[in-house]
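Undergrad: Pasted the sequence and its predicted model underneath.
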Amino acid sequence: MSRFFTTGSDSESESSLSGEELVTKPVGGNYGKQPLLLSEDEEDTKRVVRSAKDKRFEELTNLIRTIRNAMKIRDVTKCLEEFELLGKAYGKAKSIVDKEGVPRFYIRILADLEDYLNELWEDKEGKKKMNKNNAKALSTLRQKIRKYNRDFESHITSYKQNPEQSADEDAEKNEEDSEGSSDEDEDEDGVSAATFLKKKSEAPSGESRKFLKKMDDEDEDSEDSEDDEDWDTGSTSSDSDSEEEEGKQTALASRFLKKAPTTDEDKKAAEKKREDKAKKKHDRKSKRLDEEEEDNEGGEWERVRGGVPLVKEKPKMFAKGTEITHAVVIKKLNEILQARGKKGTDRAAQIELLQLLVQIAAENNLGEGVIVKIKFNIIASLYDYNPNLATYMKPEMWGKCLDCINELMDILFANPNIFVGENILEESENLHNADQPLRVRGCILTLVERMDEEFTKIMQNTDPHSQEYVEHLKDEAQVCAIIERVQRYLEEKGTTEEVCRIYLLRILHTYYKFDYKAHQRQLTPPEGSSKSEQDQAENEGEDSAVLMERLCKYIYAKDRTDRIRTCAILCHIYHHALHSRWYQARDLMLMSHLQDNIQHADPPVQILYNRTMVQLGICAFRQGLTKDAHNALLDIQSSGRAKELLGQGLLLRSLQERNQEQEKVERRRQVPFHLHINLELLECVYLVSAMLLEIPYMAAHESDARRRMISKQFHHQLRVGERQPLLGPPESMREHVVAASKAMKMGDWKTCHSFIINEKMNGKVWDLFPEADKVRTMLVRKIQEESLRTYLFTYSSVYDSISMETLSDMFELDLPTVHSIISKMIINEELMASLDQPTQTVVMHRTEPTAQQNLALQLAEKLGSLVENNERVFDHKQGTYGATSEVSASGSSPRPASGTLTASPLALPPNPSHLSPADQKDGYRKTRATCAAVATASSHLKQPTELSTLSHA
């Protein structure tokens, strides 16, 4: 029979079109084997008729269930998504809600969700631990739920005054959640229909089983009992195909469906039942505990709490009765080491076996040689615990590693007759013969170098802004102590190469640290104490400068590898620069010639070189050498990749240019956070140095069309500041420097000083220097001097003469300083003036060229460039280049660099191949001499008429 001829009247079919759906259910387990073409066998399928109310409410309950699950795991993002879907679903069910009323479970979820969000919002510690998405979702959802609940304020208030969920229902709900199912229909006394059926001793009839199975299926897809118990209990429903089947099952269903208490007596009876049930449960629990205590009185049994693993018996290393000898222990050691690196090997268990083997060797007095050999293998196993190079050691493994290395060093220092080295073969080892020196294969230096690498990886993979980073950084003192102990050991028994390697490790942990004690002793030497006391105080701790000098000089003299020597030189320069020893650092950098071949070094050494150059530039700035500071920082800052070149992070745009493997390699090269150089301080030092150089130069060459740029980045910041439509007070460091530059350009040094040195700039930059007050004093002096130079360049055309005392008062400089600055400007031909000593005035000379004279000078330069290019073309054909001695002797101006030729009305002459070489050369010489005459004459022009006459000539 076709599905269109199912049983039922026409009226029923018409009424079901609007709010009912047809759900086919496969018979048995042959759902996947059903043919695609439907046949008359379909009349065996069961039709489930569901009303529009059921469909809408089931959609709501499913969304509510998802929201409650998300609330349990504190997933606020999921709660926000499902709440938006819940609002849409409620809008779809609006027509049904208007007829039936707002469902109580919907009010309950709104109230519970609002309380839950308020609780999260008040938990300050929990909000800090939230990730970014959850924190953002919490704020958004809190606003939405407060706005949404205004429409249900009366319902929520009445619900909170009389909450319908009891403690017993909560407990049973938790049990049902743990079993993976939720019962929708629950009796008033807390016993659900499914629980009641489980307690039934007699099996129900076939029809009852069918009904109960149907109820269980519905229970699995429904919300918790608290979400469905508020619906109209009179509607027992539309779960059957027809009224006839409904009539048969009404009696049985009424036994299990929830009945709302109608009177106060019924409510009291239900409350009493719950209390009795809780009391019986408590009695059973106490009785069970008493029985267990009686069983434990004999002392034979012990109760084990669930979830705690049983203590496993330690594996037996040797069979019972085996004599523990050196050969047996070494054989067992080799057996353990053979499993090292194999697939499926438990590395933690391997470490435990080796530690147990050390204990056995110590208990049987097998000698220190065997213990040292096992200790070497334990440390190697700890390093191999993480097979991936990118991962770092766990804290417990790191602690074991440090302890094990310290124990090994204790044994080596206590037994001088033990010799260790990687050149000792296993066949020539002597582990137990006390008559001869004990020889053990192993390299303590390699273990310490690997320890240093692991420490660096730990610091790289830890959040630098967390307390955990500080805790890990405290381990550096222990790492440095181990390096010092190994250094003392190798100075006695190591080779020259090993000593150089351990010295480099010591240098790498020293060069970046500022020696505050030595600095304090240098500033305030102890007064009133005897010389012996001063010597004793100095000897208590060796200055880092003396230590670096001793270690580096040994490497300079003894090392045979370029890499160790290069690293030592760079660290030595860095340490000098950090402690403001500018001239020692500069001389060492120039004598080493590292800048010539540093591009051939490996990337870590290049990063160290960049860090050293930056520190050198900052040191020059602290000494007031702005030009040297600018030159040292120019390459790093002009690249725009200072962060990447210093190994302090990767740029986003460069991440797209490399694959994942290259990115991992780059990240392993990054220096830890405590070695970072402040990038904002670096940029500020560079921009201030550029300002002190560029502003006077711009003022001196304002009318020069071909003036060069000293700093492109500084000019870029100036252009950015000029393009801003609204100029407010500066906020960032760059804006402060731009505002100070504009003030200096006008000769206003006080405004420039206020922009460079203020509370905001002190907090961001200047207070980070060790001697902040000294740096600020130097800056004020530099700003005053450069502002004076800029003022003279800008306004010299306005004055016929100016008093040096006036300049001294304007810029608050002493008279000798003003005299010195002006004298230098006159000597360098920057200022066309002379000094009148009796009156202490500066007399200006009117020698500035006019606009037409400037054009003539530009014409002379272009003619010179033209002749230069013509000569090159001619000499290229002749195969020679030169013969310019006559031109040089004629007094012509120096030739500009190639490539400076600009658009000119003159053009290259036609092909001169028809002339003889002698004529060609003579013609070029005449042209060159003419251009020289033009240049010489144009420099002495006074009137425009002379310029026009010379042009016609």
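TA: Thanks, I have the structure now.
Undergrad: residue ranges of the strands in this protein, please?
TA: Secondary structure of the chain (DSSP state E): strands at 21-23, 48-50, 418-421, 438-441, 801-803, 833-836, 841-844.
Undergrad: May I see the ones you listed organised as CSV, with mean pLDDT and distance to residue 584 added?
TA: Where you see a C-beta, it was placed from the backbone N, CA and C, and this is true even at glycine. Formatted as CSV, those follow (pLDDT from 0 to 100; distance: least, C-beta to C-beta, whole Å):
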stretch, mean pLDDT, distance to residue 584
strand 21-23, 40, 89
strand 48-50, 72, 90
strand 418-421, 88, 38
strand 438-441, 87, 44
strand 801-803, 90, 42
strand 833-836, 88, 38
strand 841-844, 90, 40
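Undergrad: and residue 335, which of those is closest to it?
TA: Among the strands of the chain, strand 438-441 comes nearest to residue 335, with 17.9 Å by C-beta to C-beta.
Undergrad: Give the other helices and strands that that closest one contacts.
TA: If contacts are counted by 3 or more C-beta pairs under 8 Å, 6 or more residues apart in numbering; DSSP states H and E, strand 438-441 sits against helix 368-383, strand 418-421.
Undergrad: which residues sit against the longest one?
TA: Defining contact as C-beta atoms under 8 Å, 6 or more residues apart in numbering, one finds that helix 368-383 is touched by 326, 329-330, 333, 337, 340, 347, 350-351, 354-355, 357-358, 361-362, 393, 397, 400-401, 404-405, 407-408, 411-412, 414-415, 418, 420, 429-432, 438, 440-442, 447, 450, 454.
Undergrad: low-confidence ranges in this structure?
TA: For the chain, the stretches with pLDDT under 70 are 1-48, 164-265, 287, 289-317, 321, 525-542, 653-656, 704-706, 847-849, 879-953.
Undergrad: shouldn't residue 634 be in contact with residue 711?
TA: Yes. The pair residue 634 / residue 711 is scored as a contact, 7.4 Å apart, by C-beta atoms under 8 Å.
Undergrad: hmm, back to that, write a PyMOL command that selects only the buried members of the contacts of helix 368-383.
TA: Selection of buried members from those for PyMOL, criterion 16 or more other C-beta atoms under 10 Å:
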select buried, resi 326+329+330+333+347+350+351+354+357+358+361+393+397+400+401+404+405+407+408+412+415+418+420+429+430+431+432+438+440+441+442+447+454
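Undergrad: need the helices for the stretch 501-650 of the chain, in chain order.
TA: For the stretch 501-650 of the chain, the helices defined by DSSP state H, counting those that start in this stretch cover 516-523, 531-540, 544-558, 562-578, 582-592, 594-597, 603-622, 626-639, 642-645.
Undergrad: Just put the ones you listed in JSON lines and tack on mean neighbour count and distance to residue 825.
TA: Output for those, formatted as JSON lines (neighbours: other C-beta atoms under 10 Å; distance: least, C-beta to C-beta, whole Å):
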{"stretch": "helix 516-523", "mean neighbour count": "12", "distance to residue 825": "36"}
{"stretch": "helix 531-540", "mean neighbour count": "10", "distance to residue 825": "47"}
{"stretch": "helix 544-558", "mean neighbour count": "16", "distance to residue 825": "39"}
{"stretch": "helix 562-578", "mean neighbour count": "22", "distance to residue 825": "31"}
{"stretch": "helix 582-592", "mean neighbour count": "16", "distance to residue 825": "26"}
{"stretch": "helix 594-597", "mean neighbour count": "12", "distance to residue 825": "32"}
{"stretch": "helix 603-622", "mean neighbour count": "22", "distance to residue 825": "23"}
{"stretch": "helix 626-639", "mean neighbour count": "20", "distance to residue 825": "16"}
{"stretch": "helix 642-645", "mean neighbour count": "18", "distance to residue 825": "34"}
